[in-house]
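1. The sequence and its predicted three-dimensional model are supplied below.
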Amino acid sequence: MKSFFLIVLLFSGCINAATYNYQFKWLGIPVSEFIIFKDELIFDQDRKKYNGVIKFYTKSIGPLKVYRNYFSEVGIVYSDHGWVYNLNGSDRGVPELKEIEYFYDNVPSVIIFEDDKGSNAIEPIHEFDLNASDPFTVLINTVHLLKNENKCLGKFNVFDGKRRYIVNIKPIELKNISIKNHIQEKLIHCSFSIDSSNTPVNEEFLSKRNKWPFNKEGRTMIISFSSVYNFMPIEFQLKTPIGSIKGNLIESY
């Protein structure tokens, strides 16, 4: 379940809202809350770079909290040369800390890595990790593409200190979603497909313990975005071996 939080690691209709609050359910049972807080995040169109801060909060709720009490706070600070990703979390009382610096024209640099499972950070490799991103910036890049080019189509290398993988994003047609109000006609549905952990990108460099979840299979998440909410996500859908997980925007301000 925690691995799913990392995909979204897997986002009242004010289009200038800075805070977005989501609730995720597994088989209809609330299992987690996810909050995005945007603090003056600006994209420089000429230099193709972000400046500003964005934060993400995740915590388990309901029955899942009893089984697996998880909390994380992620802060990303963007600047002209790149960005710094900070994660401070706890999984069943075991702390998890990450600080990774990303660059627009280089491989990431792992500054702090304390994994809740006791794993060591993997070494960045130029062949695979040049211009790599963190998983949350992939989502931010998608929002930017939708807002400025009205499309979700791209391929991103992701490096999070523990794993490396590739995310392929493409638009899809989707009719059967739970949103049935006035924003239905203004939705854009995007498929986020993660390459299998069994690809050469991971096979040579990662132990079985550090490969992507669900063993040898890749996974796909569907995210629905809305122009009414400044192209932020309003629904997440993911099918897993233990059932479907769905997240919905419940509040923005």
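-> Arrived safely, thanks for sending.

2. any low-confidence regions in the stretch 101-250 of the chain?
-> 174-185, 196-218 (pLDDT under 70).

3. Where do the helices of the chain begin and end?
-> For the chain, the helices defined by DSSP state H occupy 2-7, 62-67, 126-129, 135-149, 200-203.

4. mind putting those in CSV, mean neighbour count included?
-> In short, each C-beta sits where N, CA and C put it, glycine included. Below are the helices of the chain laid out as CSV (neighbours: other Cβ atoms under 10 Å):
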stretch, mean neighbour count
helix 2-7, 20
helix 62-67, 13
helix 126-129, 13
helix 135-149, 19
helix 200-203, 15
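
5. what would those helices look like in TSV with distance to T240?
-> Formatted as TSV, those follow (distance: least, Cβ to Cβ, whole Å):
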stretch	distance to T240
helix 2-7	7
helix 62-67	13
helix 126-129	26
helix 135-149	17
helix 200-203	19
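
6. and N230, which of those is closest to it?
-> Evaluated with Cβ to Cβ, the helices of the chain place helix 135-149 nearest to N230, the distance being 7.2 Å.

7. what's near enough to touch L27?
-> By Cβ atoms under 8 Å, 6 or more residues apart in numbering, the residues touching L27 are G243, S244.

8. for the chain, what's the longest strand?
-> strand 29-44 (DSSP state E).

9. Centre of the chain to that one, how far?
-> Its chain's C-alpha centre and that of strand 29-44 lie 10 Å apart, by Cα atoms, centre = their mean, to the nearest Å.

10. quick one: it to helix 135-149, angle?
-> 60 degrees (axes from the mean of the first three to the mean of the last three Cα atoms, to 10 degrees).

11. What strands line up against strand 29-44, and which way round?
-> strand 19-26 (antiparallel), strand 49-60 (antiparallel) (DSSP bridges).

12. Report the separation between F159 and V77.
-> Separation of F159 from V77 (Cβ to Cβ, to the nearest Å): 18 Å.

13. More neighbours: which of those two?
-> F159 (25 against 17; other Cβ atoms under 10 Å).

14. thinking that one is in contact with P124, fair?
-> Yes: using Cβ atoms under 8 Å as the test, F159 is close enough to P124 to be in contact (6.4 Å).

15. Give the residues shared as contacts by these two.
-> Listed as contacting both F159 and P124 by Cβ under 8 Å, 6+ apart are V107, P108, A132.

16. What is the nearest of the residues you listed to N86?
-> Checking the shared contacts of F159 and P124 one by one against N86 (Cβ to Cβ), the nearest turns out to be P108, at 13.2 Å.

17. excluding its backbone neighbours, what's nearest K186?
-> Excluding its sequence neighbours, the residue lying closest to K186 (Cβ to Cβ, 6 or more residues apart in numbering) is S227, at 4.9 Å.

18. isn't that neighbour right up against I234?
-> No: between S227 and I234 there is no contact under Cβ under 8 Å: 10.5 Å.
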